[in-house]
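Colleague: could you work out the structure for the sequence below:
(2 chains)
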Amino acid sequence: MPTAKDFRLPDVGEGLTEADILQWTVSPGDTVEVNQIIVEIETAKAAVELPSPYAGIVSVLHAAEGDTLPVGAPLITIDVDEPTGGGEPLPVPETAEVAHPPEPPSGPRSAAGDEDGRTALLVGYGPRADGPARRRAARPAAPTVPATSSAPVGKAEAPSVPDAPRPSAKPPVRKLAKDLGVDLWAVVPTGPHGTVSREDVHRAAAPPAGPAVDVHPRNTASGSRGETRIPVRGVRKHMAAAMVLSAFTAPHVTEFVTVDISETMRLRELVRARREFAGIRISPMLFVAKALLHALRRTPELNSQWDEARQEIVLKHYVNLGIAAATDRGLVVPNIKDADLLSLSELGAAIAGLAKTAREGRTEPRDLTGGTVTLTNVGVFGVDTGTPILNPGEAAILAVGAVRRTPWVVQDQRGERIEPRWTTQLALSFDHRLADGQQGSRLLADIADMLREPGLAML
Amino acid sequence: MPRTPRTSAKAKDRSSPIQLLTPEGEIVRDNKLPFDPLSADLPALYRDMVMTRRLDTEAIALQRQGELGLWPSLFGQEAAQVGAARALLPNDMVFPTYREHGVAWCRGLDPASLLGLFRGTTLGGWDPADANFNLYTLVIGAQTLHGVGYAMGIVRDLARDLLDTSKGGTGELPAVLVFLGDGALSEGETNEAFIWATTQSLPVVFFCQNNQWAISAPYSVQSTVPVAQRAAGFGLPGVRVDGNDVLACLAATRRALRKARTGGGPTLIEAFTYRRNAHTTADDASRYRESAEEKEWAGKDPIARLHAHLTATGAVEPAFFDEVEAEAKDFAEGLRSRCRALPEPDASLPFEHTYAEMTPELHRQLAHHRAHLASLQETAEHAGDRA
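Modeller: Below is the predicted model:
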């Protein structure tokens, strides 16, 4: 006679409290073996495959892909045929039952096999007894849940982020935060290596400037329609920290130019037709990348790094070209090592490969570090330009806008007239500590010149 | 007729690890480490490695199913551990880290007892004297000093009687085999242990599995020279072997243990290998190292090369491999049931195990603790009534 066995979500990583369901590899009705992989989950530490503790037939999946489950919650129910129970727990001696330490009433139970009457062990290291319930409350609320109107407004009300790594701060700073009632999760860290400094805590503790905050939010129409709270974690958390660090340490200057790239578009058609470029995506951005690499030779100041600790400017004799890539998990900027040594076809293949790997979430750690300059294509979103924020540790970032047919003033022997031309806008942000307007402008003008007249690259 | 082993091309390079069994499964000779292949039971070594790996994969599955809190995987290091362990004599004493599951297997320790520490049912799991295998040591490098202290004890208790053959001694002491990882080399204890062992010429062998990753720190941030080369600075001999070559590990450890037993002093062996899994089940190695590196080491698998050798030489019947596989499967199923049946500890154990005999104060504390547990039980029952 089959018995229904629950497999509860275990703590797979020493003190985790919850996990996201990434992908099921079984469906109800499937036959599973012991140790067959049934699901992939993602915790704050890693993506992990879980093997089935039972052999039998899957009857219920208790969570959908994308759901977050607390540790100890039922994950899957498997109908197990057990005349004598092959892989089942052996009966536990009576003495063990007597000697058993009491279990907290709401504590998570063993991931498997607690239905034979014995009180089971905690799952792994297990969270505190109040863990799952509290965490559940902190999970993103459905959009239909009305916002609480009685939420206190003040320094301690910032939402805590359940699964993000603990903010880094020295013990005395932690003590200070505790004394002042400041939630470290809510503090923007500006200390070295992204740590929360004493000043950060004081700043967070200070009452907000300006008119006093209304502590009784009005029940406006928009207020009654609710809010969604999304925990900041993973790639987004990393991106956010990098952008804050960059925006508040590097003085940004952004310059713009609109350029007629009709000649580059013609060159693109020529290149496309050549055999060595077969199978490589030849986008306008590839030529922008090549022009940027060329232009950096004349203005190497913008391929450099500010070393605050040693008060030195580090000029890089190589160019690792970062390509900003939008992925399902957020923005990542993998870079192409020694991009300045690559031919146009090699560069095209490298950009395509990098973007594909990033979208699949398989970017290697080494590809995310060591970048020296970045290119971002905002044109793919249909916009003309933006003011890009530097990738931390880099001197320049170039944004390419949409390539459009635009009325353009053309001048030749016959005089001036307006023609439809291919144009785009370029925006270059640079770190004003490392370069001034002269170098930034020269780099941007050189790039624009080469795109307007690609033959100049031969110079 | 046995072929004359060719000399390994790599053997000419002084810094490259000594290899006696190539990744292709060919036995080669190296003058720096003489070895008679007939002195090793190759099928038995193969079985040891397969069973060790099965123990490891089953424990990982048990962790993923919530039956263990943590598991440090030895995947990829089977040859280093089995080779070293099979060089031991029963009287020798082993001081492991927390990853020496293959050594424990070879010492005859009940494999289920390894799981208790990681299930949280015990702080130890076995009597070190039963198999001359000390408890797992979680503190990095601490076991090096424990092993050196034990070796000092051997010298003080036994050396006079055993080393003097004219008075009926065997001329040999028991030796101590201390395991350590590359991360332990940066610990003060390890350096102290090397110094003590060398200056007192103690019967101890340090076996360092350089798996190249101290959690997320690569070996290159710890040292710019190979592990074995660092031995010279302490005045003990260092030998570097291919840690994925079970024969090289066996040969090097045998030679070093023999030297230690006869009063020749310590040796540092570096088994150059690779931790193919993450540091533990709570770690994600893809955050700090390349998948290409992992693929490269998958091609140097220690079990595959002995399999290739046994197949090519016809040393075993093809059925042998199936038998070992079937044995491993049975073993894993048994391990799974026995893991779940591990007895849960009584609350009194920490009090009882603090001293050989409990003091009156500890008796009082235990009584207090039991009363506290009973009150929690009541609370739980009341909560149950309400529900």
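Colleague: can you tell me the closest non-neighbouring residue to the closest residue to chain A within the stretch 151-300 of chain B?
Modeller: Residue nearest to chain A within the stretch 151-300 of chain B (CB to the nearest CB): residue B:284, separated by 3.2 Å. Heads up, the C-betas are built off the backbone N, CA and C, glycines and all. Nearest residue to residue B:284, sequence neighbours excluded (CB to CB, 6 or more residues apart in numbering or on different chains): residue A:46, at 3.2 Å.
Colleague: that neighbour and residue A:19 touch, don't they?
Modeller: No - contact criterion CB atoms under 8 Å: residue A:46 and residue A:19 do not qualify, at 10.0 Å.
Colleague: for the two, indicate the residue with more neighbours.
Modeller: A count of neighbours by other CB atoms under 10 Å in any protein chain shown puts residue A:19 above the other of residue A:46 and residue A:19, at 30 against 18.
Colleague: what about the residue of chain B found nearest chain A, distance to residue A:72?
Modeller: Here chain B gets closest to chain A at one residue, residue B:66, 2.6 Å apart by CB to the nearest CB. For residue B:66, the distance to residue A:72 equals 9 Å [CB to CB, to the nearest Å].
Colleague: between these two, who's got more neighbours?
Modeller: residue B:66 (30 against 26).
Colleague: which of the three states applies to the more buried one?
Modeller: coil (DSSP: H, G, I helix; E, B strand; the rest coil).
Colleague: looking at it, it is touching residue A:6, isn't it?
Modeller: No - judged on CB under 8 Å, residue B:66 makes no contact with residue A:6 at a distance of 11.4 Å.
Colleague: wait, what's in contact with the residue of the stretch 151-300 of chain B closest to chain A?
Modeller: If a contact means CB atoms under 8 Å, 6 or more residues apart in numbering or on different chains, then residue B:284 has A:45, A:46, A:47, B:278 as its contacts.
Colleague: need the phi and psi values for it.
Modeller: Dihedral angles of residue B:284 (phi, psi; degrees, to the nearest 10) stand at phi -130, psi 100.
Colleague: what do you get for the one 3 residues further on?
Modeller: Dihedral angles of residue B:287 (phi, psi; degrees, to the nearest 10) stand at phi -80, psi -20.
Colleague: cool, residue A:355 as well?
Modeller: phi -70, psi -40.
Colleague: how many residues are close by it?
Modeller: Per other CB under 10 Å, the neighbour tally for residue A:355 reads 19.
Colleague: pLDDT value on it, please?
Modeller: In this prediction, residue A:355 carries a pLDDT score of 84.
Colleague: tell me the secondary structure for residue B:375?
Modeller: Assigned with three-state DSSP, residue B:375 falls in the helix class.
Colleague: neighbours of it, just the number please.
Modeller: Residue B:375 has 11 neighbouring residues, counting by other CB under 10 Å.
Colleague: relative to residue A:409, how far out is it?
Modeller: With CB to CB as the criterion, residue B:375 and residue A:409 are 89 Å apart.
Colleague: kindly report the same for residue A:431.
Modeller: Between residue A:431 and residue A:409 the distance is 34 Å, computed by CB to CB.
Colleague: and if you look at residue B:298?
Modeller: Taking CB to CB, one finds residue B:298 at 62 Å from residue A:409.
Colleague: what of residue B:68?
Modeller: Residue B:68 sits 74 Å away from residue A:409, going by CB to CB.
Colleague: ok, these two, which is more surrounded?
Modeller: The residue with more neighbours, out of residue B:68 and residue A:409, is residue B:68; 23 against 10, by other CB under 10 Å.
Colleague: residue contacts, the spatially closest residue to the more buried one that is not a sequence neighbour?
Modeller: Leaving aside its chain neighbours, residue B:68 sits nearest to residue B:118 (4.5 Å; criterion: CB to CB, 6+ apart). Contact analysis of residue B:118 by CB under 8 Å, 6+ apart lists B:59, B:63, B:68, B:69, B:70, B:71.
Colleague: spell out which helix or strand contains residue B:118, please.
Modeller: Using DSSP states H and E, residue B:118 sits within helix B:111-119.
Colleague: give me the secondary structure label for the closest residue to chain B within the stretch 201-350 of chain A.
Modeller: Here the stretch 201-350 of chain A gets closest to chain B at one residue, residue A:238, 11.3 Å apart by CB to the nearest CB. Of the three states, residue A:238 takes helix according to three-state DSSP.
Colleague: now swap in residue A:276 and tell me
Modeller: The three-state label given to residue A:276 by three-state DSSP is helix.
Colleague: hmm, it is touching residue A:346, no?
Modeller: No - at 10.1 Å, residue A:276 does not count as touching residue A:346 under the criterion of CB under 8 Å.
Colleague: which one of those two is surrounded by more residues?
Modeller: Comparing residue A:276 with residue A:346 by neighbour count (other CB under 10 Å), the higher total belongs to residue A:346, at 13 against 10.
Colleague: contacts for the helix or strand that contains the more buried one?
Modeller: In this structure, residue A:346 sits in helix A:344-359 according to DSSP H and E. Residues outside helix A:344-359 that contact it (CB under 8 Å, 6+ apart) are A:271, A:276-277, A:280-282, A:285-286, A:289-290, A:293, A:323, A:325, A:327-328, A:332, A:334-336, A:339, A:342, A:363-364, A:367.
Colleague: which parts of it are buried?
Modeller: Within helix A:344-359, the residues that count as buried by 16 or more other CB atoms under 10 Å in any protein chain shown are A:344, A:345, A:347, A:348, A:349, A:350, A:351, A:352, A:354, A:355, A:357, A:358.
Colleague: following it, which helix or strand comes up?
Modeller: Using DSSP H and E, the helix or strand that follows helix A:344-359 towards the C-terminus is helix A:365-368.
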